[in-house]
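J.: no sequence on this one, just coordinates:
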């Protein structure tokens, strides 16, 4: 039950991150109905929860050698998978992909950090 709540929470965060990124970045477009966009956000949440730790373990030496900058590449790769497998979003170009992964990562970090602090106070 806790895992399902976590997936839904991160999907809602990703939905907000998609909206913010589409507003700021011209090459990042949200298309389709709300269901397709929510599925894309849920798919990103699932990839971040299950696949991202495996990729971080495999590419751990590269992350250490680049002082953590390789995580940007991993985030861009995961967002690229979402772009390929989902009809809800489309990303034009590698530069847009990297900037979108940075913006989505920043929005996810800020919302998750504030939610953790709010959760610890109650």
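T.: Everything's here; your move. Values in this document were obtained by computation on a predicted structure and should not be read as measured data.
J.: ranges for the helices of this protein?
T.: 2-24, 34-46, 52-58, 60-65, 70-85, 94-121 (DSSP state H).
J.: could those go into a markdown table alongside mean neighbour count and mean pLDDT?
T.: Quick note: C-beta positions are derived from backbone N, CA and C, even for glycine. Compiled in a markdown table, the helices of the chain are given as follows (neighbours: other C-beta atoms under 10 Å; pLDDT from 0 to 100):
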| stretch | mean neighbour count | mean pLDDT |
| --- | --- | --- |
| helix 2-24 | 16 | 90 |
| helix 34-46 | 18 | 92 |
| helix 52-58 | 13 | 95 |
| helix 60-65 | 12 | 95 |
| helix 70-85 | 17 | 94 |
| helix 94-121 | 14 | 87 |
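J.: For residue 81, give me its contacts.
T.: residue 47 (C-beta atoms under 8 Å, 6 or more residues apart in numbering).
J.: swap in residue 26?
T.: For residue 26, the contact set (C-beta under 8 Å, 6+ apart) comprises residue 96.
J.: and what of residue 49?
T.: Here residue 49 is in contact with 6, 7, 10 (C-beta under 8 Å, 6+ apart).
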